[in-house]
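> here is a sequence with its predicted model. Questions after.
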Amino acid sequence: MNWLAGRVVENRHWTEALFSLRVENAPLRYQAGQFVRIALEVGGQRVARAFSFVNPPQDPVLEFYGVIVPAGPLSPRLAALEPGDTLQVASNPAGFLVLSELPDAQTLWLLSTGTGLAPFLSILRTAEPYRRFREIVLVHAVRHARELVYREVIEKLDVKYVSFVSREPHAGSLAGRIPAAIADGRLEAAAGVALSPDSSRVMLCGNPDMLRDASAALQARGLRKHRRRAPGHIVVESFW
Ligand SMILES: Cc1cc2nc3c(=O)[nH]c(=O)nc-3n(C[C@H](O)[C@H](O)[C@H](O)COP(=O)(O)OP(=O)(O)OC[C@H]3O[C@@H](n4cnc5c(N)ncnc54)[C@H](O)[C@@H]3O)c2cc1C
Ligand SMILES: NC(=O)c1ccc[n+]([C@@H]2O[C@H](COP(=O)([O-])OP(=O)(O)OC[C@H]3O[C@@H](n4cnc5c(N)ncnc54)[C@H](OP(=O)(O)O)[C@@H]3O)[C@@H](O)[C@H]2O)c1
């Protein structure tokens, strides 16, 4: 593994805490849904963290979507980068939140919280999901309505988009959390699609507590974790 020099071409700030970095870098090989470690030198030490690609693999410019964790060693520094600044990009993208991990079915559910939206935007800008699934439901859960980002990208996708806003009322979004809405049927009603082991495959990304609680709600509906030796319905990626 080598470290490559990436050059920031844009750092878009959606809110005071949310940012998207676009980075020119030597070409990398990866599948949509994977991540790569990016790093900065801090006090003479390399500080590296995993970030999912937002861009699809065919795009030459890399894009990462991040949140400032105020006491975090890396994220506030990434948020402060400006066009022309450099950062380090590892040469070995990785990760199992990829469509090749899941068997075919009628419906693909992509469930995310916060920055966990990122890998799904990469997957949804490739041809594979539309070839393999008749319907796709993209779910994004955030605390506040202003965090419903990338709407201009999502509007162009052939998906059913369901948003959750948990900490203020917001017309057009569900209230509360994803696991409760799986359990009481509100998620299926909002998507207009049934969730069942026969018809559905589910990818989850973001907050580890959401992954745990949503996986339990899905298991109660008969879906189980996918393993290569025991094909199932659910793949997850935890961001911390
Ligand atoms: C496979 C993988 C992919 C990832 N992809 C992304 C990504 O695309 N975008 C992104 O912003 N982060 C992503 N992360 C998290 C990222 O690697 C860093 O942890 C994050 O940027 C914070 O870095 P930090 O050094 O500031 O704080 P850290 O010391 O890394 O984290 C401190 C704490 O901040 C919280 N936290 C960390 N990441 C997040 C987050 N994304 N949202 C909310 N709270 C968080 C957790 O409580 C964590 O314990 C990913 C992590 C993994 C393992
Ligand atoms: N979001 C911001 O604007 C902001 C600002 C400053 C700093 N930060 C930093 O980022 C961190 C959190 O970022 P975030 O808001 O992107 O992520 P988050 O805390 O994961 O919240 C995103 C969504 O996930 C939901 N969620 C949390 N736990 C869940 C569970 N067990 N099951 C289902 N859903 C669950 C939240 O619902 P609930 O609301 O019900 O918890 C919220 O709707 C903070 O710790 C802070 O360090 C964020």
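Alright, I've got the coordinates. Ligands and ions are numbered 1, 2, ... in the order given.

> where does pLDDT dip in this protein?
Counting by pLDDT under 70, the chain contains no low-confidence range.

> quickly find the element holding the residue of the chain found nearest ligand 1.
Using Cβ to the nearest ligand atom, the closest approach of the chain to ligand 1 is made by Gly72 at 1.9 Å. Quick note: C-beta positions are derived from backbone N, CA and C, even for glycine. Secondary structure from DSSP states H and E places Gly72 outside every helix and strand.

> quick check: it vs His233, distance?
Noted for Gly72: a distance of 33 Å to His233, by Cβ to Cβ, to the nearest Å.

> go on, Ala127?
As judged by Cβ to Cβ, Ala127 and His233 stand 22 Å apart.

> between those two, who's got more neighbours?
In this comparison of Ala127 against His233, neighbours counted by other Cβ atoms under 10 Å, the higher total goes to His233 at 24 against 9.

> how about the residues of the protein by ligand 2?
Proximity of the chain to ligand 2 is assessed by Cβ under 6 Å from any ligand atom, with 15, 17, 67-70, 113-114, 141-143, 147, 164, 166-167, 177-179, 206-207, 209-210, 213 identified as the residues in range.

> and those, which are buried?
The neighbour-count criterion (16 or more other Cβ atoms under 10 Å) marks 17, 67-68, 113-114, 141-142, 147, 164, 166, 177-179, 206-207, 210, 213 among those as buried.

> for the chain, what's the longest strand?
strand 3-13 (DSSP state E).

> now do the buried residues in that strand.
Within strand 3-13, the residues that qualify as buried are Leu4, Gly6, Val8, Asn11, counting by 16+ other Cβ under 10 Å.

> neighbours around Ala118, how many?
A count of nearby residues for Ala118, using other Cβ under 10 Å, gives 26.

> how close does it get to Ile154?
Noted for Ala118: a distance of 13 Å to Ile154, by Cβ to Cβ.

> ditto for Ala17
In this view, Ala17 and Ile154 are 20 Å apart by Cβ to Cβ.

> so what's Leu62 up against?
Each residue near Leu62 by Cβ atoms under 8 Å, 6 or more residues apart in numbering is listed here: Gly6, Arg22, Val23, Glu24, Asn25, Leu28, Val36, Phe53, Asn55, Val89.

> what is the neighbour count of Glu82?
Applying other Cβ under 10 Å, we find 8 other residues in the vicinity of Glu82.

> return the residues in contact with it.
Val8, Asn11.
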